[in-house]
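Student: Provided below are the primary sequence and the corresponding predicted coordinates.
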Amino acid sequence: MDNIRDIDEIKARIEEAVKDIKSSATMREIKMKFLGKAGEIPSLMKKLKDLPPEERPAMGKVINALREWAEGRFNEFEKMVKAAEMDERYQKEKIDVTLPGNRRKKGAYHPDTLIVDELVSVFAGMGFEIYEGREIETDYYNFTALNTPKDHPARDMQDTFYLGADYLLRTQTSAGQVHVMESKKPPIKILSPGKVYRPDDDATHSPMFSQMEGLVVDKGITLCDLKGMLDEFAKKIFGSGVKTRLRPSYFPFTEPSVEVDVSCFECGGKGCKLCKGTGWIEVLGAGMVNRAVLENCGIDPDEYTGFAFGMGIERIAMLKYGINNMKLLFEGDVRFSKQFRV
Amino acid sequence: MIAPLSWLKDYVDIDVTAKELEEKLFSCGFEVEELHEVGKDISGVYVGEVIECEPVEGTHLHVCKVDCGDKGVFQICCGADNVKKGIKAPTALEGATVYATAKDHVTVEGVATIKKGKLRGIESFGMLCSGVELGVNGDMFEGADYNGLLILPSSCKNGEDVKPILGLDDYIFDIAITANRPDCQSILGIAREVAAVLKKPLKEPRLDYTAVKDDRKVKVTITAPDLCPRYIAHYVKDIKIGPSPMWLKRRLALCGLRSISNVVDITNFVLLEMGQPMHAFDLDTIEGSEIVVRRAHDGEKIVTLDDKQFTLTHDNLLICDGSKPAALAGIMGGLNTEIKDTTKEVLFEAAKFARDSVRKTSRALGQHSDSSAIFEKGTNEYTTERAMKRALHLIDELGCGTVTDVGADVATEYSDTSVKHMAVSVQKINALLGIEVPADAMKDILTSLHFGVTESGDCLELTLPPYRDDIAGYPDIAEEIIRMYGYDHIKGTFMPSAKITNGGYNEAQRAVNKLKALLVAEGLYEVSSYSFYSEKDIDMLRIPEGAPERKFIKILNPISEELGVMRTFLAPSMVNVMLRNLKRGNYEGGTFELAKVYIPKSLPLNDFPEEKLRLCIGMWGGANFFDIKGITENIADSLNTKFEYVNGSVPFLHPGITADILCDGEKVGYIGSVDPAVLEAISAERSMVLAELDYELLKKHARPFKYVPLSKYPETQRDLALIVDSAITCGQLESEIFSACKYVTDVKLFDVYIGSQIESGKKSMAFSVTFTPKDEPLSNDKIDGFVKKILSNLKFKLGATLR
């Protein structure tokens, strides 16, 4: 039976042909040669009609089996070829992953902005609103209403830039306290960041700098509440292990007044260069709002008490980032700015 | 405030170390800014007795055997002229540290460590010391200023450490006194606090004296009672001017004062001890034995003790005699009435002068003294009275004069010696502090601070110490209590009684943050420049006379002219930032500043000026006009609006590369390239581009963002290449394309061509135009129709043809 021999021969040729195939294109060609419409296997099928009718079913089965076998073999080889081809492609397309990324250059915020934002997020959570006051103030708002009348010795604590008989550049964000309390009645919880001005100029003083003032006025506010809030502030800004310490001080607009130190976040309080060996770093001034200030603002000091605190933004920035000269913050040197791309 | 430990010990039994006392003072509100040991550089120096002393031939040296008791006997070579057998002198042994002096044996040149060595071949195992070498002068130890050996009393024990003998183991506290505690500007004031914090009794200084009857009359008249509420004068006769005793000299020396003479030293001692400045007039020079306290006449002159002449005004207070000025009140005595070696009769002055008056005069004349420093902070009459008694006591004690019963004590209507009372509630104090301080503890603390205290129920009836003018209300008492009770008792609470409030940034503040975020994302660095600059910076930008930028607020007392005027625009600061960067080798970069400018409504100021927020962007080096314009376009996007750019003119910008920025037809800022002529004038070696925008106006034109439903039908793009006169701008073409068809939602320029392929004087501009369907899809025919309409409009308005 010639046909059967033919079938074995076709199988052998298919095996021979696929052995060396390297590309999908050749693969398709060969597949076409055997399985295409005019291919050898369909041709065998066409030859069936030349056989005696009783042999046709058996032979048909044999040819069909051959077709199925061939299709399977080709699929197998197709997969292998495809995989080999992809491997080649991967090799060709391999890159140097250490080459620099295509990035869009990012700018940076001023360190003051970073610190203010951090502080605001801490205090906003405690219910503080942000109030931005004016920078040019009258003597009344900057001093008199804050319990610092004209011949008060505390005025010597702060030299002042004067702009006219009654106008000056505010020396402290506390000036904004009075505006707030004049227009808003308790409960008051405000945070007031902004620029302030004093005629000083050296490595740790600048004629312009920024402060953040906080003020709380409500019924039953105590010194312990001030301490509790500052503890929270210190932990969030300087680290969870940081403690605060209050010590007596004097500001005309608070009574009692305190300086607030935080335990040194560099050495953990053991004493180092940053804390000058003391284990503590002075970060802000605070106190219970002076009754006279409340009265000046039309708030009954017998009904309400409050606390206020004020800190230097640049001082916090310098401490936190280790900046050694305040001038750097106001020069706009981009080598400085670049370092705050956080 | 300088306070030597040894002096404080006169009033309080201090049984803690200097370091411990520093901590105690710190805890109760007195920060010790510096604590130093008087003899901190001196060590290893002992009492040595010269038991043998032989001259070395041909030199000024002596070779000595020095007995240092339990330390041993040492051979020491000594060049001092007063070395001889039998004396005792400070002996620095090997390893000791003392001051090294120059050839003159007087000028200190540092600290030296003593080593054994050879002088002229003779071995020496130490050094016999002078006063200078130990940092001791004649005011601190008798005979210490001799330029030779410091001879110690023979009673000193050989081998004993010299530091306690010479007072070198003493400590000096430099204490910061807060402005509310003028009563602590004195050794006694500090001693009161020390006594309270150590819970020890205070030993008051002696004020008693014997007065001899005398017929002399002394008259005091005050014609300016507002400036001098109180004036006490007292007459002392038979003055014997001479040196002060050692203990007095030493006290002054430790506080940095030189001893002058017994009478002058007494006034200085009382100033330091009690905090009340005193003055002594030579009564012979006081005409008519009369004191008149009055305002100076305008133009009147006085020569003070330090031989400086001042011309006065009626704001200055004078102490005069019957005819002439004798002292500048509270600041310094006159040269003509000063105490001399021949002075026989003295009139002591203790007075209270208004602090503001002394401060103003002192500042106006530039004349400061220890007295004025104290008066400026405030004095009290209780101390004024006691100080006079103390001075008279010291006259008695020193035996340098006879105290008479003649004096004058004038209390004007401004005088106030009334005893102040106050009632405070224990409960209210605790409510302020937030803790429960027991009433008994409060009583103890207040008593230790010399308050009179009577308890009745919740109430403490207080009598205030006469020198505590700072106590005005119960919070002051709360502070006194907590600073002594201890701030470590304050435990954090979280406003349990306060109302909950809604915190955070408001909308306007969030908008500012959003703008900053955009600019940072654009690659710009945020900077902060001073709010003031120099008029020269405005000149630098060639701003013409009369321009609004020149209507600025001047600082009356600037640090320097460079920082003399409040800025009216940000460009000068930004140009300086860019210039500074270029000079430092930062040849490329971009920065922005969002800050206020200060626009006066009138000058001089008689109303709050406007403080308006402005945005300024500066880019230098590689950047051009379109780089910065790209950023302003993104700003417009973020405000949900559009900016229009029209050719503009700004004095410091390139006339061909400048635009006014308009929003809804209103000018909101400008943008451009800095004029090369300006760059040349300021020696800027790279180009600069700059934009300045009025933030308040931007805010006004910002449109609330609202979602526009997506079109159900796809958009279509058509490209149009147009040929136009080269003067026609992109902006003109864009706006005509928009106006010709309401379906156009975007017009983007993608190519500009000028060259050989088109007529000269013309240019080709190619736009991609987006058509967005509304309620129904746009067919090609329809869009062809729109294009036709656009083209005919362009042809009609701008003479544009399709390329």
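Tutor: Cool, got the structure.
Student: for residue A:214, helix, strand, or coil?
Tutor: strand (DSSP: H, G, I helix; E, B strand; the rest coil).
Student: That one is in contact with residue A:188, isn't it?
Tutor: No - in this structure residue A:214 lies outside contact range of residue A:188 using CB atoms under 8 Å: 10.5 Å. All C-beta spots, glycine's among them, are computed from the backbone N, C-alpha and C.
Student: do the helix or strand encompassing residue A:193 and chain B meet?
Tutor: For residue A:193, the element it lies in under DSSP states H and E is strand A:188-197. Yes - using CB under 8 Å from any CB of the partner chain, we find that strand A:188-197 touches chain B at A:189, A:191, A:195, A:197.
Student: Pull out the buried positions in that strand.
Tutor: By 16 or more other CB atoms under 10 Å in any protein chain shown, the buried positions in strand A:188-197 come out as A:188-197.
Student: ok, now stretch B:379-399?
Tutor: Quick answer for stretch B:379-399 (16+ other CB under 10 Å): B:379-396, B:398.
Student: so what's residue 152 up against?
Tutor: Reading this off chain A. The neighbourhood of residue A:152, defined by CB atoms under 8 Å, 6 or more residues apart in numbering or on different chains, consists of A:143, A:252, B:179.
Student: switch to chain B, that's the one I care about
Tutor: B:47, B:88-90, B:162, B:165.
Student: Residue B:616 now?
Tutor: So residue B:616 contacts B:570-571, B:573-574, B:592-593, B:595, B:690-693 (CB under 8 Å, 6+ apart).
Student: go on, residue B:540?
Tutor: Counting by CB under 8 Å, 6+ apart, residue B:540 touches B:572, B:575, B:652, B:678, B:681-682.
Student: repeat that for 6 Å
Tutor: The contact partners of residue B:540, by CB atoms under 6 Å, 6 or more residues apart in numbering or on different chains, come to none.
Student: Now it. Its backbone dihedrals?
Tutor: phi -50, psi -40 (degrees, to the nearest 10).
Student: Then residue B:582?
Tutor: With angles defined as degrees, to the nearest 10, residue B:582 sits at phi -60, psi -40.
Student: what's the neighbour count on residue 163?
Tutor: No chain specified, so I'll use chain A. 23 (other CB atoms under 10 Å in any protein chain shown).
Student: You answered for a different chain; I wanted chain B.
Tutor: Residues near residue B:163, counting by other CB under 10 Å, number 19.
Student: now do residue B:504
Tutor: Residues near residue B:504, counting by other CB under 10 Å, number 16.
Student: Next: residue B:488.
Tutor: 10.
Student: What does the nearest residue to it once chain neighbours are set aside show for phi and psi?
Tutor: Closest residue to residue B:488 apart from its sequence neighbours, by CB to CB, 6 or more residues apart in numbering or on different chains: residue A:245 at 7.8 Å. When read as degrees, to the nearest 10, the backbone of residue A:245 gives phi -140, psi 130.
Student: and the residue lying closest to residue A:253 once chain neighbours are set aside, how far is that from residue B:470?
Tutor: Spatially, and ignoring its direct neighbours in sequence, residue A:253 is nearest to residue A:146 (4.1 Å; CB to CB, 6+ apart). From residue A:146 across to residue B:470, the span is 16 Å (CB to CB, to the nearest Å).
Student: quick one: which of the two has more around it?
Tutor: More crowded of residue A:146 and residue B:470, by other CB under 10 Å: residue A:146, with 26 against 18.
Student: Return the residues in contact with that one.
Tutor: By CB under 6 Å, 6+ apart, the neighbours of residue A:146 are A:174, A:253, A:293.
Student: Most neighbours among these, please name it.
Tutor: The most crowded member of the contacts of residue A:146, judged by other CB under 10 Å, is residue A:174 (30 neighbours).
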